[in-house]
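Dropping the sequence and predicted coords here.
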Amino acid sequence: MSTVTLTIPVSGNPFATFDIVLNGVNYTMQFNYNFRFGFWSFTLSSNAVVLFDDVKVVQGFDLGSEYKNINLGGRFFVQSLSGDDADPTLNDFGVGQDKQLLYQYESS
């Protein structure tokens, strides 16, 4: 088995929705930036069924860990390219930015 890590293509747009395939399953991801409190969150759904709802995007944490009953076969986490351990902000999160959202799973 080998570990596979995918970069989730977050655009940095404060309100974005896109489709993505993870482990051969089609999902829709919706990202929102909360301007009032200064944080990102995301919702993950499949076939119009919400699996993760409004998960706050923070570093140092398996972002789906509170959804133990849903087995995606992997985990979401944030990685900073610079080593900064602060949570993502409006201006440093997404493809080409310092903070990246990653999805990691084991492949046979």
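Done, it's in.

Could you check how far residue 93 is from residue 4?
Counting by C-beta to C-beta, to the nearest Å, the separation of residue 93 from residue 4 is 22 Å. All C-beta atoms are positioned from the backbone trio N, CA, C, and that covers glycine.

And the two? Which one has more around it.
Neighbours were counted for residue 93 and for residue 4 using other C-beta atoms under 10 Å; residue 93 has more, 24 against 12.

Show the contacting residues for that one.
Residue 93 makes contacts with 10, 12, 40, 57, 99, 100, 101, as judged by C-beta atoms under 8 Å, 6 or more residues apart in numbering.

which one among these gets closest to residue 29?
Nearest to residue 29 among the contacts of residue 93 is residue 10, at 8.2 Å by C-beta to C-beta.

burial measure for the residue lying closest to the closest one once chain neighbours are set aside, as a count.
Leaving out its chain neighbours, the residue that sits closest to residue 10 by C-beta to C-beta, 6 or more residues apart in numbering is residue 94, at 4.1 Å. Neighbourhood size, residue 94 [other C-beta under 10 Å]: 22.
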